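In: turn this into a structure:
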Amino acid sequence: MQEFTHRLASLDDLDALREVMRRSIGALQSGFLTPEQVAASHKVMGLDTQLIRDGTYFVVDEGRRIAGCGGWSWRSTLYGGDESLVSREPEALDPAVDAARIRAMYTDPEFARRGVGRLVIKICEEAAMSAGFRKATMMATMAGVPLYKACGYVEAEPPVRVNVDGVEVPLVRMEKPLR
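Out: Numbers count the residues shown, from 1 in each chain. Take a look at the predicted model:
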């Protein structure tokens, strides 16, 4: 049984996090998307470093290796990274009425299906609840949908298709009440 620990990400982690994300998108999305959609996904997904600056982005480590990462946000942005084609909205959410955003969840392919994703979700949900949020939402990839459903999230609307250079990448907004 592997021993996972978690911590807040720092800007010093950026190169390693981006490598985990690159590997994760390339390997874990391939069973759900065409090769063209996987390639286009790199322009939709990624790390929003605002999450690190806000202290809401976590790293799950196994020894000295990053097994996964993910975060949550009290800002309006639903998804997209620093280099993605998605616009970001830095406005603060109201925890009494708005849903916290679960963001940028990735598992290194070598650690897939070992509980890393569930651990990241649990950490993020607990942090969002501590900040007063009563519900969470996310924009999920097709590869993430089974995990998020297993963690109690439901599809909030039909999948959307984000057009990247003529390639449509499907995403679905999901939500969950927090207890």
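In: quick one: the helices in the protein, in order.
Out: In the chain, the segments counted as helices under DSSP state H are 14-28, 35-41, 49-54, 116-130, 145-150.
In: make CSV out of these and add mean neighbour count.
Out: Every residue, glycine included, has its C-beta placed from N, CA and C. Below are the helices of the chain laid out as CSV (neighbours: other C-beta atoms under 10 Å):
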stretch, mean neighbour count
helix 14-28, 17
helix 35-41, 18
helix 49-54, 17
helix 116-130, 19
helix 145-150, 16
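In: residue 165 is nearest to which of those helices?
Out: Taking C-beta to C-beta, helix 35-41 is the member of the helices of the chain nearest to residue 165, at 6.5 Å.
In: tell me the mean pLDDT over that closest one?
Out: Here helix 35-41 scores 96 as its mean pLDDT.
In: and for stretch 147-160?
Out: Averaging pLDDT along stretch 147-160 gives 97.
In: now do the buried residues in the biggest strand by length in the chain.
Out: Across the chain, the longest stretch assigned as strand under DSSP state E is strand 167-177. The neighbour-count check on strand 167-177 (16 or more other C-beta atoms under 10 Å) flags 167, 169, 170, 171, 172, 173, 174, 175, 176 as buried.
In: let me know the closest of the residues you listed to residue 15.
Out: Compare each of those with residue 15 using C-beta to C-beta and the shortest gap goes to residue 169, at 24.8 Å.
In: check what pLDDT the closest one gets.
Out: Per-residue confidence (pLDDT) for residue 169: 97.
In: again with the one 3 residues further on
Out: Looking at residue 172, its pLDDT reads 98.
In: got a list of what the closest residue to residue 98 other than its chain neighbours touches?
Out: Among residues not flanking residue 98 along the chain, residue 133 sits closest, at 7.6 Å (C-beta to C-beta, 6 or more residues apart in numbering). With contacts defined as C-beta atoms under 8 Å, 6 or more residues apart in numbering, residue 133 is in contact with 74, 93, 95, 98, 99, 100, 178.
In: nothing else from me, thank you.
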